[in-house]
Every structure is written in structure tokens, then in C-alpha cells.
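Chemist: After the sequence you'll find the predicted model.
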Amino acid sequence: MEKMSRVTTALGSSSISGRTMFCHLDAPANAISVCRDATQVVVAGRNIFKIYALEEEQFVEKLNLRVGRKPSLNFSCADVMWHQMEENLLATAATNGAVVTWNLGKPSRNKQEQLFTEHKRTVNKVCFHPTEVYMLLSGSQDGYMKCFDLRKKESVSTFSGQSESVRDVQFSMKDYFTFAASFENGNVQLWDIRRPDRYERMFTAHTGPVFCCDWHPDDRGWLATGGRDKMVKVWDMTTNRAKEIFCVQTIASVARVKWRPERKWHLATCSMMVDHNIYVWDVRRPFIPFATFEEHKDVTTGIVWRHQHDPHFLLSGSKDSTLYQHMFKDASRPVDRANPEGLCFGLFGDLAFAAKESLISGDASRKPYPGGDRRYPIFFFKKPNPTEQFAHVSSALSVFESSVESRHMDWLVKTARLYLLSGKPFAELCDHNAKVAKELNRPQVSTTWTMLRIMFSDPANLSTPGPNHIGKLGTLPLMNSFSMKEMGTGLVAEGRLERSKGESRQDNLHLEPGNSLINSNNDENEETEGSEGQAEYMFGDAELDDDDLYSMEHENHAAEEQEYTLPQEAFPLRHEIMDNPSAPEHLQQDKADSPHASGNEAEVMCLTPIESFSLISISQPLFSPHLPAQFFCPVVREMLIHYAEQGDVQMAVSVLIVLGDRIRKEIDDLTQEHWYTSYIDLLQRLELWNVSNEVIKLSTCSAITCLNQTSTTLHVNCSNCKRPMSNRGWICDRCHQCASVCAVCHHVVKGLFVWCQGCSHGGHLEHVMNWLKSSSHCPAGCGHLCEYT
Amino acid sequence: MFLARSIAADHKDLIHDVSYDFHGRRMATCSSDQSVKVWDKSENGEWICTANWKTHSGSVWRVTWAHPEFGQVLASCSFDRTAAVWEEIVGESSDKQRGLRHWIKRTTLVDSRTSVTDVKFAPKHMGLMLTTCSADGVVRIYEAPDVMNLSQWSLQHEISCKLSSSCISWNPSSSRVHPPMIAVGSDDSSAVYSGKVQIYEYIDHTRKYAKAETLMTVTDPVHDLAFAPNLGRSFHVLAIATKDVRIFKLIPMRRDATHSSTPTKLEIQVLAQFDNHNSQVWRVSWNITSTLLASSGDDGCVRLWKANYMDNWKCTAILRGDGIPVNCSHDVVSQQSLLTASSAERKLS
């Protein structure tokens, strides 16, 4: 009690003030200690032993205790402690094993008072008794602790830890007689000062050395220990067994630990290697430092709170030969920089969101935005008690799944699956793809496909599949204009008429759902927006009048209208073609190029032109059949680039593949390669391996096609003689039999081969699957009950 | 429409990052509690924690997946000044408790002397490369010369950004016209240095990264940035989370010699700038078609942004983020009403 009152008066009389400041020392410091009234600090090191006064603005050197021409090793200190009751009394632990006390009241320059040379190796730590003036404790590398009565010339008792070197000794705040000692082998021992024969208690606190320990200042019987295992542990020593109540993980071995005054949960640590920072931890939140002081450039060796009842000033000495006073308010707070939220978009438009719970719940209780008045910087948001707020945090993790109906990626996957890129005549591919796009509610893309077909098919052939398309578009203007062609179709190719009838019936069916789809088409449909611009872009010049539809304040209702009016854009195409008088010279080219188009259509060509021509010429010269496909190339090129710029690389690549040679030369190889790689990457992401493989196969870029051929090696062994097959045939060199014969059809399997791992018989995947539908026995007749999974 | 599914993450401190894998079936979370958890999506759509292990001795700031071509590989970075590479091993385990699958540490990258604030794998076409950035403003690019050996990483490049770095993003473009490009954001809060986003480009000629651009208009601390998936575009789109959400368009200017020794000139346009979060924005994320941008801020909300064909960006949805099971159904309802409300609003306007 007496001590308490004195301290408070001291604090009251000279209320501490100051700022973050530092001074250069002549040499690296090993330890520091403050005097009781917090006005002076002693710095000790191998080559330094000085006292500095702590003034308002700066450190002022008061006294150099390192005197003499050739200072003895007694001056090179591993540790120093200023007595907390006797202002003139200091003790140091020397690296040569000496324990020295210093009396600042001595008139001579050499203030050395007493010298104990009982330890055989470096003394790591000295510690005065908190309430007993003459009692000093030391702990040494030699494994002994000694208690000195400063009135006597020798130690009064020696404590043998019986284990390794002593790293730290600390008198308990709670028990007059108790002190704790920490050891290099990870143990912590509790001793009664009266019983030097045996420790009261021992427990293993850390794996590896325990470098430091510190009793909680508030008499609580809590002991904090820090070790090379990078951990700070807080032990409750009041129970029978020392109980670990907190464990703080730091990032480097812990050299010093000091409880923060007046803050029950806080302690400061510094490390002895790698890390130069000083951390203040809230033990309740052991993962992230409450505050960090980052001033030192080298290892911090000594930390001490300036006054034992003032939590705002921390002093530190370092190997970088500086002495710092840190103001707590200047500390950096790692939590403020740590971001409290995580957010990630999943492949299918799912969103994973993790956020600090207080952010979310705070928001839920709050009304969403009273106005724009919350626009302050973040630090205004801090609640009054940051300490309490700091301690209890957690995050909530949730996944926002896009519901099945509005899956963002569905159209992409479906389109990729359903598009036909090869294997049919060009026009049919276009039609098919247009249909696919239409069904997926992407009228813009659909129209583009149709356009492509119109542009690049031979005019004659064009009229034939036309009706299918018109039916789909289902708007009046087109119907009108194309109906004549439909007639033409009827006249021209009867064989095809049947087909187109069938299809147009289908199309009528499609029409209604299509419309309703459009009606329900919500704004989530990305494609509509993305591609609207395309049409305008392509045919824009003639269509400026319609542009109010695509004006700047374009909203989604506009988008819907837009979809209805889309087909109108078929007109400008014709205009464009008509307006262009450059036909004749292309005519010859057209003929030359026609083989390029598609072979199938070439024969039809001679059939129809005249008839369809005449029909067309009645109403409006729909298109000149003389326009070569090449003529459109620049437009298509623009269109493809536009699609790509819009991010619809799927369209760009699909068109590129379907058009093949017709367009390939127009677009430079690097761009093509870029599109291919982007699209393939997308497909692989969506695990559409087959489509991706098809794209790779169909691509014309050498860089892409070789993707399929890298690092794929197939080793085949003969199923009869089990030897590797050397040549490329299906007959083994050695046993001269066909390898890998299907057990069902007895033919050689050249594709997917499936076999039972039990009996090693097998065959064509399809055959075996069929076989197993009816029988569970091996098709080879070996009697094995085969299992194919 | 979104359905909120709350997951009992059971991290003992803040979760700093979530990350989906390439195929969207797995998710990794990392937290200040020094652990990383891996979540797998089950058949019925539940997310199940299949791995949980202590990764670092400090807060784990970020976690990221490598391209599956390199295996099931994660990288994490931490306050403890290291970044680590983890690989999932199936079988081989002698430890019965850990089951068949477990994650083992392949390497620890210890070059940084300060907190490693972000870690990202480079786009796949560049090989197996890992980039870290640290609080002292150094960006490090590592390469695994042998993709089969994840324990060997050589430090290829060290870029000093001068400013404390908080986030990095690779330009995902696979085009050969676009040299490797990386954007670095800084959370330096001083106003002295403006331009908190720097863009570096690889110069073939010198085999070094050189600064191509500094976005001088970004003056506030940047917490996250993300290049949009490229998808065959000739330009790049970069989203930035600072005190607001910003979207930049970077258009590489044509240059005559492809092998020049200076970085490509970029024409920079601001596509959008939104302060609707009314507070710090912490994260931005693109969907794979780069049509939607999600951002999350200190207001605890996720906002979705979308552009129309005119490149006019608009907010399409606001998602409140509490997945508390008790209120879950209520939340979904409120979210849905919120969503419909927002779309209705847009129809009116």
C-alpha cells in the first residue's frame, strides 16, 4: 500500500508528457531500465552504459557509467535493472559472469559499488525484489540462480535449476517469496526464496528456450512467457497446475515480454532476430497485434514501459544503437490495414463473401443509407472503445448462389455445347447456330448468324433456307420481304420445300415460346446488351434514325423493345449492298472464289439465280447475287472484332471457325490466336473438354492446333504377350495376333477401350455397356463377374 | 436472383480472403487465425470443409489457387513475412488421422522483410509463376522452373514500387501482342505520393519489368484491384477498390517495333467511378465473362456492377451479406425484394 501511494503521487506530481523521440547511442544496447519516477533511463550494452534523462522533447545524456581508460568486462552488460525503490541503486549482469551493483550517489566517477563474481558464465538476468531493498536475484548461463543480500559480500543462497541455462528470473508481484525462472530447455520453475534446495513447481512452457517471463502487474498470478517457438503464453499460476490461459503466436522468437500497465489484457513483445518491430498484443485476440512500433532498424533488445502506471509511453533500446520513446498513439495498428472482407466470383456467377460480422450486423440494424452523409474517412467510424472492439471479432462467410433460373453462365455453356462448328454445309451451320442463339434468347447473335449465312452463301442457295429463318424472326417487315423468296423457294427446289415446310412448322412452334421468352427476358441477360451495339456498329450508317432506341439513356425496357425491332436491321444490309456499285469487278472473283464457299452449294447455284432474281427484282432488288463473299469481309471483320471487344469471344471464335477460309485472311494471326486461347481457356474452365478439343482441332492457328499434341504419349502393350507394341499397327510383332480385341464383337478396338480390372477382358465401350445390361458375366466367357465403374 | 447460403466458417478471427478455384468447385478461405480452410462443394450444393490447417505464424492475408494444370495448389501470404505454396496430396499419407487427402507445404518464400500482403499466380500461359507484394513496396516474381517440383522457386524479378503495396493483379490476356503486365496497388495513406496504382510491363528487350503507367488519379489507399478477364479484347479493364469503386480502361497504343525497350504506352480512360458504398471499398471481383463486377465495402454490402453496350456502368444489385442462419430465409426474401426493387426502379427511370 505504501508503495502504491507513493507511485501515484509521483505520477500526480510529474505527470508524464512527451512525444515519440529517439537518440543515437554510441553502441548497440542490450538492455534498458527506467528509474522509479520515470525521468531517467539507463542503457546498458557490451560497449555502453549510460543514463539519459527523459525530457519533454529529447533524451539528454546525464551520466556515463563506463569509466576508466580500459573498462573491464564488468562494464559490458547483458542486463541492467534500476531499483524501483532506491533511486541510486542499479544492478547489471555482466557477460563475464559478474553481477555488479552501482550506486549513483557515490561522489567518485566510478559508481561501482559491489561486485559478485560467483557465476561462471554470462549472467543473463538480474532482478531486484519489488519491495525488498537489498534483495537481488541473478540468473546465469551456468544454470544457477543466486540471491544476493546487498549488505553482504556474497550470495545468500544459490538455486540450481538442474536443467539448462537460466534465461530470465522475475520476482512475483503477488507472493513476497516467490520468483519464476525460465530455462533454455523450455521449462519454467517457481521457487520459494527461502528454499534453495528445490523448486516449488516446474512445468514445460515452450518447446525450445524460454527467453523471458513477466508477472502480470495486477497481482493476478498471471505469468507471461515467451520462447523461441515464437509463442507468448500466459499462465495462471494460482491453480495447482500452471494452466495456459492464452497463447499468442508471433512471427519470430520472443526475446522480451512486458505487460502493459493499466491494460489488463495487453503485453508488449520484441524479438531477438529477424523481426525488429515491437508488438503490443491483446491476449484475447492472439493472432493480430493490437499495435506495432516499427521504428527500429535492427533487433530490439530492451523494452520497458516508462512508468508502471502509465500505458502510453514505451521505451526501447536496440542493436541499431538507438534509444526510442514510443507514444502509444503513434503506433501503427495492423488491424486497420487488414481488410475485413473477402469477395470472390465463382465460375457460375456465385459470389463468396466473407465479412467482419460487425460490418454486416451493423448494417442490418441500420437503415440503408440515410443519405450521402456518411462519406467520412474510415477512422471516423471507430467506436469509442477500440480495445473492447478489438478483442472480439469474427467473420461471417456466405455464398450467394445465383439461382438456377438466372444462372449467368448457362447461356455460355449451352451455346458452347450446341453450336455446330463443322461437319455440315456452311449455310446449315449458320442456321443451326442462329437457331441455338435464338433459343437461348440471344436474338442479336442469332441475327448475326443469319446475316453471315446470307452474306457468304451463294445467293441461290440463300433463298432456300431463308424461310426457316424468317419464321423465327417473326416480325412483319421481314415476313413481307422474304415471303417472295419463300415463293421462289417453292418454285425452285421442291425437294427442299418439304424440308423447309417441316422446319417452318417447327419454327412456328418456336415462335411463341420465343416471344414469351423475350417478354420475360429480364435485365440479367447480358448478351442482349452486349450485342445491341453490334448491329448498330455494323450497319449503323443507314440507320441513324432508329438510333433513339439505342440512345444514351437506354434502359432495359428499351432493350426489350430493341429485341423486337431487331429484325428490321435486315434492311440496311440490303441497302448497303445496293448502294455499293462495285459489284461488276467482283463478279469474276466471285466465280473464282465460289469453290471457296461450299462445294455442296455450287451445284444449286446454276439452278436458281434466274428465277429468284426475277422474283426479287419485282419488289426491290434485294441483293445482287454478284456480290462476292469477299465483299463482306471487312464488315464481318469489324463485326468479329466488335464481338471480341465486347467480351463475347465465343461468338468471335465460332464465326471464325465456321467461316474458315472466308474470313481468316482478314484477321491477323495474333488476334486470332488471342481469341482462340481466350475461348479455349474459358471452355476448359467450364470443363467443356470436348468443345475445347473441337475448337483446338478446328482452329487454323498453328500455335493452337499444337496444343493438342504436346505431352501426349500413348504406350500400348500387347494384350496377349504383354510386350510393348513397337510399330503402329494393331498386330503385335511378337505374337502376331491382334492386340486389344473386343470381347463382344471380336474386332480390334481402335477407340475407347474399356476393360475389367479383374479379368482384363474388355472391348468397345459401347459393346461392353450393352453387354452388361443383359449380363453381369464377362463377355469373353471367362466366368468372371465383371465390374465396370 | 441470388440465394444466400451461410457457411459456418468457424475461423477464430477475421477472414481476409476467399478464393474460388479455376472450376468453381472448391473454395479456400484464410484468416487472421493463421489457418487456411478448403471447402468443397458437395453434390447437393453444400460447402464442406475438407481441410483446415495452420499455414503461417501470423495473419494470412490472401489465398489463391494455381491453375489446375499444375495440380491442386494453393499459395498463401501472411503477416509473418512469408508466402507459402501448398499442394494437396491424395494418398501417400502415413498419418491416418489426416485421411487420404491432405495439404503439404511445398515451399516457403522468405525474401520479404515485411508483411506479405498479396500473392497471385501469373496467368497460366506464362508458366508456373508466383508473385508476391509486401508492405515495403517490393513486388517479387518467382518461377518454378520445373512445374513438377513445387518446392523449387527461383526469384526472377524484384520490382521496387517505393510505396507500401497492398494488392497485385496480373493482366490475364494471353495475347502475344500484350506483354506480361501487372498492376500494383498501394494502401499508403499519405497524400504526398499520389498515384496509388502502378502498372508494370515486361520488356522483352531488357528482360525486366518497367513501369508503364501510374494512375495518378487514384490518390487514396487502394485495397484491391483486379483486371477483368480479357476474353480476346484488345484493351484491358482494371477495377480498383479504394475509397470508391473505379473501373479503368487501358488501351495499349500501337507501337512500331514490337521489341522496343520501353513499355507500351497506355491510353487510360475512366469508365466508371462509384462511391455508393459510402466508405472504404475492400474488394473487387470479376465474373469470368467480365460482364459483372462485384465490390464489397465497409457498409457490409456487396454491389454488382454491369455495363450496357455503351459502357455505361450501373449498379444492378445490392446484396446484404449476413448469412446468419436464423435470419436466413428472411434475408433471402429481403434480398430478393431488394433485387426486384432495384430492377423495378430501373425500369421506372
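Modeler: Now that the structure is in, tell me what you want to look at.

Chemist: If the closest residue to A:Cys270 other than its chain neighbours is in a bridge, with which residues?
Modeler: Nearest residue to A:Cys270 in three dimensions, chain neighbours excluded: A:Thr300, at 3.9 Å (Cβ to Cβ, 6 or more residues apart in numbering or on different chains). From N, CA and C alone the C-beta is placed, and that goes for glycine too. Beta-bridge partners for A:Thr300, by DSSP bridges, are A:Ser318.

Chemist: Show me what from the stretch 101-250 of chain B comes close to chain A.
Modeler: Residues of the stretch 101-250 of chain B lying near chain A by Cβ under 8 Å from any Cβ of the partner chain: B:115, B:124-125, B:166, B:173-177, B:187, B:223-224, B:229-235, B:243.

Chemist: How about B:Tyr209: what's its closest non-neighbour residue?
Modeler: Counting by Cβ to Cβ, 6+ apart, B:Tyr209 lies nearest to B:Tyr200, which is 4.4 Å off, once chain neighbours are set aside.

Chemist: who touches whichever residue of the stretch 151-300 of chain A sits closest to chain B in this structure?
Modeler: Closest approach between the stretch 151-300 of chain A and chain B, counting by Cβ to the nearest Cβ: A:Ile251, at 3.8 Å. The contact partners of A:Ile251, taken as Cβ atoms under 8 Å, 6 or more residues apart in numbering or on different chains, are A:230, A:271, A:274-275, B:57-58, B:79-81.

Chemist: what's the lowest-pLDDT member of these?
Modeler: pLDDT across these is lowest for A:Val274, at 79.

Chemist: Please name the residues that touch that one.
Modeler: Here A:Val274 is in contact with A:251-252, B:81 (criterion: Cβ under 8 Å, 6+ apart).

Chemist: so how far is A:Leu25 from it?
Modeler: Per Cβ to Cβ, to the nearest Å, A:Val274 is found 22 Å from A:Leu25.

Chemist: Show me which of the contacts of A:Ile251 are buried.
Modeler: Buried members of the contacts of A:Ile251, counted by 16 or more other Cβ atoms under 10 Å in any protein chain shown: A:230, A:271, A:275, B:57-58, B:79-81.

Chemist: Of those residues, which belong to strands?
Modeler: Among these, the members found in strands (DSSP state E) are A:Ser271.

Chemist: Could I get the buried ones among the contacts of A:Ile251 in TSV, plus columns for distance to A:Arg241?
Modeler: Shown next, in TSV, are these (distance: Cβ to Cβ, whole Å):
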residue	distance to A:Arg241
A:Lys230	24
A:Ser271	29
A:Asp275	32
B:Ser57	27
B:Gly58	30
B:Phe79	33
B:Asp80	31
B:Arg81	36
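
Chemist: Now compare the buried ones among the contacts of A:Ile251 and name the two farthest from each other.
Modeler: Across the buried ones among the contacts of A:Ile251, the longest distance by Cβ to Cβ is 13.5 Å; it joins A:Ser271 and B:Phe79.

Chemist: what's next to stretch A:757-765, contact-wise?
Modeler: Under Cβ under 8 Å, 6+ apart, the answer for stretch A:757-765 is A:719, A:741-745, A:747, A:749, A:751-756, A:768, A:778-780, A:782, A:784-787.

Chemist: on that earlier part again, element containing the residue of the stretch 151-300 of chain A closest to chain B, please.
Modeler: Following DSSP states H and E, one finds A:Ile251 outside all helices and strands.

Chemist: Quick check, pLDDT for it.
Modeler: Per-residue confidence for A:Ile251 comes out at a pLDDT of 87.

Chemist: which residues sit in contact with the residue nearest to it when sequence neighbours are not counted?
Modeler: For A:Ile251, ignoring the flanking residues on the chain, the nearest one in space by Cβ to Cβ, 6+ apart is B:Asp80 at 3.8 Å. The contact partners of B:Asp80, by Cβ under 8 Å, 6+ apart, come to A:251, B:56-58, B:115.

Chemist: Just give me the neighbour total for the closest residue to chain A within the stretch 1-150 of chain B.
Modeler: For the stretch 1-150 of chain B and chain A, the shortest gap (Cβ to the nearest Cβ) falls at B:Gly24, measuring 2.8 Å. Per other Cβ atoms under 10 Å in any protein chain shown, the neighbour tally for B:Gly24 reads 21.

Chemist: how close does it get to A:Gly18?
Modeler: 56 Å.

Chemist: for A:Ser253, same thing?
Modeler: A:Ser253 sits 31 Å away from A:Gly18, taking Cβ to Cβ as the criterion.

Chemist: cool, A:Ile278 as well?
Modeler: 17 Å.

Chemist: Compare the two (neighbour count), which wins?
Modeler: A direct count of neighbours by other Cβ under 10 Å for A:Ile278 and A:Gly18 places A:Ile278 higher, at 26 against 16.

Chemist: Phi and psi next, for the more buried one.
Modeler: Backbone geometry at A:Ile278, expressed as degrees, to the nearest 10, gives phi -110, psi 130.

Chemist: if I read this right, B:Phe4 contacts B:Val302, doesn't it?
Modeler: Phe isn't right for residue B:4; it's Ala. No - B:Ala4 lies out of contact with B:Val302 (Cβ atoms under 8 Å); the separation is 10.2 Å.

Chemist: And chain A, what are its domain boundaries?
Modeler: A:339-362+A:370-377+A:393-406, A:408-457+A:629-711 (the TED database).

Chemist: and A:Ile641, helix, strand or coil?
Modeler: Following DSSP: H, G, I helix; E, B strand; the rest coil, the label given to A:Ile641 is helix.
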